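Chemist: sequence unknown, structure follows:
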């Protein structure tokens with residue numbers, strides 16, 4: 001496919017078999033003539049797409065430059081149109097972002113430990129500050145992101161941030177006043193006043209972005225915990241995250257709500273005092289008054305203050321925490337997580353110890369019940385008469401006792417014939433008992 005740059009006139013050959021990424025709106029291709037650039041080509045380009053891109057090209061934001069060659073906002077650098085016949089804008093050229101991953105890779109403890117284990121708490125503060133700085137540059141120029149989410153923010157190993165998918169931003173034409181709206185958004189980053197709304201019908205404002213920005217900053221500094229995640233204390237079905245946002249139920253805030261913070265989340269008190277105040281302003285005061293949410297520039301200054309207040313743990317130099325704390329919270333958290341250190345030491349990483357499974361306590365074996373010896377059956381006496389006739393002793397039968405004397409009455413002598421009869425009778429009784 002051969003296309004032409006709208007303003008430089010350069011012809012560009014696009015190999016459609018080498019797409020870098022693909023989405024619902026279009027595909028991204030490398031540009032052979034310049035490896036620092038990529039081209040986004042729409043699946044179904046419209047005239048409105050071309051008009052919006054033209055406004056964006058003519059009014060770029062003053063994006064902060066943290067490092068030469070780095071772009072904090074992947075803004076359109078030129079438009080691409082077809083060659084021959086009726087020229088139609090089908091895409092645009094933008095900076096290529098290298099060696100960067102989505103921001104959730106860094107604030108999610110599991111993926112950070114597996115992919116970027118040396119990205120410590122200082123870098124997370126720096127990431128949050130660079131993110132707020134890029135958002136501030138857009139708002140100054142009159143742009144609104146609209147679809148603030150964790151997938152459209154890329155981060156490098158050195159905490160440099162790049163906002164991508166910029167052609168989905170809300171753009172206002174300064175000459176005609178026409179607003180090119182952002183038609184999409186993720187509920188978990190959408191402010192309460194827009195929950196359940198159809199975005200195609202709404203002109204968004206900077207304060208709507210500021211809610212999503214605060215959510216991302218909270219996740220960066222609180223180990224990926226969403227600010228409205230919590231343990232429901234009611235007896236019925238727990239409300240959805242969207243319903244909690246709509247109700248303004250911020251578990252670590254100051255109001256009484258039917259939630260408590262997540263048990264595995266870091267304590268809210270770990271954050272710098274100024275940051276805690278700003279989160280309460282955003283999620284509690286801003287619930288009924290969106291204008292009360294701190295703007296992006298205020299976040300930049302507050303995060304810089306918190307970053308300057310970080311100190312290093314004496315046991316692990318990768319542990320950074322605020323100087324308002326009396327002890328290292330990451331050491332305590334590593335114990336709570338059974339050896340899974342959120343920010344493992346360099347030595348642990350070099351030895352691969354950070355990837356080992358959490359330590360589990362060995363359960364003490366339950367005491368075995370005592371083994372009882374089986375009862376030994378006594379051998380039954382043989383049946384029959386083991387003794388000779390006449391050898392069985394005559395049983396003693398109760399005799400009537402006189403009140404005057406206990407001496408038994410004299411008995412008549414037993415003859416030989418009578419003794420044989422007695423032995424025969426009692427032998428039969430004995431044999432019956434043995435057979436029973």
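Modeler: Perfect, I can see it now. Because the structure is a prediction, the values reported are computed rather than measured. Residues are numbered from 1 along each chain as shown.

Chemist: near the closest residue to residue 127 other than its chain neighbours, how many other residues are there?
Modeler: Leaving aside its sequence neighbours, residue 127 sits nearest to residue 159 (C-beta to C-beta, 6 or more residues apart in numbering; 4.5 Å). All C-beta spots, glycine's among them, are computed from the backbone N, C-alpha and C. Other residues lying near residue 159 total 19 when counted by other C-beta atoms under 10 Å.

Chemist: do the same with residue 32
Modeler: 11.

Chemist: ok, and the closest non-adjacent residue to it?
Modeler: residue 13 (6.3 Å).

Chemist: next, the residue lying closest to residue 130 once chain neighbours are set aside: phi, psi?
Modeler: Closest residue in space to residue 130, ignoring its immediate chain neighbours: residue 161 at 4.1 Å, by C-beta to C-beta, 6+ apart. Dihedral pair for residue 161: phi -120, psi 140, per degrees, to the nearest 10.

Chemist: specify the local secondary structure of the closest residue in space to residue 194 that isn't next to it in sequence.
Modeler: Closest residue to residue 194 in three dimensions, ignoring its sequence neighbours and counting by C-beta to C-beta, 6+ apart: residue 208, at 6.1 Å. Residue 208 carries the three-state label helix when classified by DSSP: H, G, I helix; E, B strand; the rest coil.

Chemist: residue 100 contacts residue 153, correct?
Modeler: No: here residue 100 does not reach residue 153: they are 9.4 Å apart, not a contact under C-beta atoms under 8 Å.

Chemist: hey, what's in contact with both of those two?
Modeler: Common neighbours of residue 100 and residue 153 (criterion: C-beta atoms under 8 Å, 6 or more residues apart in numbering): residue 162.

Chemist: more crowded one of those two?
Modeler: Higher neighbour count among residue 100 and residue 153: residue 153, with 25 against 17, using other C-beta under 10 Å.

Chemist: give me the contacts around the helix or strand where residue 105 lies.
Modeler: Per DSSP states H and E: residue 105 is located in helix 104-107. Residues from elsewhere that reach helix 104-107, judged by C-beta under 8 Å, 6+ apart: 111-112, 115-116, 119, 123-124, 127, 150-151, 155, 219-220, 223-224.

Chemist: and those, which are buried?
Modeler: With burial judged by 16 or more other C-beta atoms under 10 Å, the buried subset of the contacts of helix 104-107 is 112, 116, 119, 123-124, 127, 150, 155, 219-220, 223-224.

Chemist: hang on, the earlier thing: what residues does the residue nearest to residue 32 make contact with?
Modeler: With C-beta under 8 Å, 6+ apart, residue 13 has these contacts: 1-2, 32-33.

Chemist: ok, and the most crowded of those residues?
Modeler: Counting neighbours by other C-beta under 10 Å, residue 1 leads the contacts of residue 13 with 14 neighbours.

Chemist: who are the contact partners of that one?
Modeler: Counting by C-beta under 8 Å, 6+ apart, residue 1 touches 13-16, 41.

Chemist: of all those, which two lie farthest apart?
Modeler: Maximum pairwise distance in the contacts of residue 1, criterion C-beta to C-beta, is 12.5 Å, between 13 and 41.

Chemist: coming back round to it: tell me how many other residues crowd the residue nearest to residue 194.
Modeler: Burial of residue 208 is recorded as 26 neighbouring residues (other C-beta under 10 Å).

Chemist: pretty sure it contacts residue 192?
Modeler: No: the pair formed by residue 208 and residue 192 falls short of the contact definition of C-beta under 8 Å, at 10.4 Å.

Chemist: which among the buried ones among the contacts of helix 104-107 gets closest to residue 212?
Modeler: Of all the buried ones among the contacts of helix 104-107, residue 212 sits closest to residue 150, with 9.7 Å by C-beta to C-beta.

Chemist: what sits against that closest one?
Modeler: Shown in contact with residue 150 (C-beta under 8 Å, 6+ apart): 102-104, 189, 216, 219.

Chemist: which among the residues you listed gets closest to residue 236?
Modeler: Lowest distance from residue 236 to the contacts of residue 150 (C-beta to C-beta) belongs to residue 189, with 26.4 Å.

Chemist: mind listing what the nearest residue to that closest one once chain neighbours are set aside touches?
Modeler: Once flanking residues are discounted, residue 189 sits nearest to residue 212: 3.8 Å by C-beta to C-beta, 6+ apart. Taking C-beta under 8 Å, 6+ apart, we find residue 212 in contact with 145, 148-149, 189-191.

Chemist: ok, residue 182 next?
Modeler: Contacts here follow C-beta under 8 Å, 6+ apart; on that basis residue 182 touches 144-147, 168-170, 199, 204.

Chemist: apply 6 Å and report the result again.
Modeler: By C-beta atoms under 6 Å, 6 or more residues apart in numbering, residue 182 lies in contact with 146-147, 168, 170.

Chemist: follow-up on the earlier one: out of the contacts of residue 150, which is nearest to residue 295?
Modeler: Nearest to residue 295 among these, with distances taken as C-beta to C-beta, is residue 216, at 14.9 Å.

Chemist: pLDDT score assigned to the closest one?
Modeler: Per-residue pLDDT puts residue 216 at 98.

Chemist: that one: neighbour count?
Modeler: Using other C-beta under 10 Å, residue 216 is surrounded by 23 other residues.

Chemist: show me where the stretch 151-300 of the chain has its strands.
Modeler: In the stretch 151-300 of the chain, the strands defined using DSSP state E, counting those that start in this stretch lie at 153-155, 161-163, 171-172, 179-180, 231-232, 259-260.

Chemist: of all these, which lies closest to residue 267?
Modeler: Across the strands of the stretch 151-300 of the chain, residue 267 has its closest neighbour in strand 259-260 (12.2 Å, C-beta to C-beta).

Chemist: what lines up beside that closest one in the sheet?
Modeler: Its sheet considered, strand 259-260 pairs with strand 231-232 (antiparallel) by DSSP bridges.

Chemist: name the residues that touch the strand it pairs with?
Modeler: With contacts defined as C-beta under 6 Å, 6+ apart, strand 231-232 is touched by 238, 259-260.

Chemist: and for stretch 161-181?
Modeler: The contact list for stretch 161-181 (C-beta under 6 Å, 6+ apart) reads 52, 55-56, 71-75, 97, 130-131, 134, 142-147, 152, 154-155, 182, 203-204.
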